[in-house]
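1. coordinates for the following, if possible.
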Amino acid sequence: MFYLRLAAALLAFVAASLYGVAIALARRDRSRVAADYAHLLGRLQRRVLGIRLEIHHRERLDAHRPAIILANHQSVLDVPILAELFDAGQVVIAKKELKNIPFFGWLYTVTGNILLDRGNREQAVESLRSAEEEIRRRKVAVWIFPEGTRGKEPGRLLPFKKGAFHMALHTGAPLIPVVVAPLAPELDLKRHRLRPRTVEIRVLEPIPTAGLTDDEVPALINEARHRMGAALAEMDIARRLPPSDP
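-> Reported below is the predicted structural model:
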């Protein structure tokens, strides 16, 4: 069943990506193209993988522009899960290797998302500066995985990188933490598990940054990580509890 679900998810990716390429070539509003593509990709892949979503306080994502959206990173399954929250006026910052994925890489680039070369610090810094200019000019919300890579232990966050927080301070944009409940053990590609389940997502209260200085970045990182870690721990405990009797 694992391989059948995986194959179906791959077919869903190809179908959604072909649709995305078609509308990207036909439309001028590339921001809307990115959102429509993300929503279709997410719906198709979640359906074949048996993933349902329980989203809390989604409205907080739309209440602030510009904004820096911080999300925890667990696996490639973050894409179909978080795609439901992606909307026009939002962009993603991710590693440059994504551009090598057929269809997806081209769509990612032409719809205004930002690629970072983590192996080249100067280029990465320059990309972040360009992102800051785009935030000021276009008033976009930027999605970032502050851990920088996928977490290896369910329910625990890796240390946060500083880039997202400097970006927030330089633009005055608030930080909006988004926390996805631990996916394992039901959804664990390394252990060949793809069992249907409901995944909880919490959009936490925004953290204001206006008026803060770079000296306050460590405290800001601690606050964001503490809030996200606490929510993640709560969801992990709730997920493990047996269902209550009606």
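
2. assign a three-state SS to Glu133, would you?
-> Classification of Glu133 by DSSP: H, G, I helix; E, B strand; the rest coil places it in helix.

3. Ala16 against Arg46, yeah?
-> No - using C-beta atoms under 8 Å, Ala16 is not in contact with Arg46; the gap is 11.5 Å. C-beta here means a position set from N, CA and C on the backbone, and glycine is covered the same way.

4. quick one, which of these two is more surrounded?
-> With neighbours defined as other C-beta atoms under 10 Å, Ala16 and Arg46 compare such that Ala16 has more, 25 against 20.

5. ok, and the closest non-adjacent residue to the more buried one?
-> Leu41 (3.9 Å; C-beta to C-beta, 6 or more residues apart in numbering).

6. identify the residues contacting the host helix or strand of the one you found?
-> Element membership of Leu41 [criterion: DSSP states H and E] is helix 30-49. The contact list for helix 30-49, computed with C-beta atoms under 8 Å, 6 or more residues apart in numbering, reads 5, 8-9, 11-13, 15-17, 19-20, 23-24, 27, 51-53, 77, 79-84, 86-91, 107, 110-113, 187, 194, 196.

7. can you pull the buried residues of that helix?
-> 30-31, 33-42, 44-46, 48-49 (16 or more other C-beta atoms under 10 Å).

8. for stretch 186-193, same thing?
-> Those buried within stretch 186-193 under the rule 16+ other C-beta under 10 Å are 186-188.

9. so where is the protein shaky, pLDDT-wise?
-> 118-121, 123-124, 242-246 (pLDDT under 70).

10. now do the strands in the chain.
-> 51-56, 67-71, 90-95, 114-116, 141-144, 175-180, 187-188, 193-194, 197-203 (DSSP state E).

11. run me through the strand neighbours of the second one, direction for each.
-> Strand 67-71 pairs in its sheet with strand 141-144 (parallel), strand 175-180 (parallel), by DSSP bridges.

12. and Val91, how far from Met228?
-> 21 Å (C-beta to C-beta, to the nearest Å).

13. what is the burial count for the closest residue in space to Glu200 that isn't next to it in sequence?
-> Closest residue to Glu200 apart from its sequence neighbours, by C-beta to C-beta, 6+ apart: Ala181 at 4.2 Å. Neighbour count of Ala181, defined by other C-beta under 10 Å: 23.

14. and Ala181, how close does it get to Ile55?
-> Ala181 is 11 Å from Ile55, by C-beta to C-beta.

15. find residues that contact each of these two.
-> 200-201.

16. which one of the strands of the chain is the most hemmed in?
-> Among the strands of the chain, strand 67-71 has the highest mean neighbour count (mean count of other C-beta atoms under 10 Å), at a mean of 26.

17. quick one: it to chain centroid distance?
-> 8 Å (C-alpha atoms, centre = their mean, to the nearest Å).

18. which residues sit against it?
-> Against strand 67-71 from outside (C-beta under 8 Å, 6+ apart): 61, 78, 82, 90, 141-146, 164, 167-168, 171, 173-180, 206, 224, 228.
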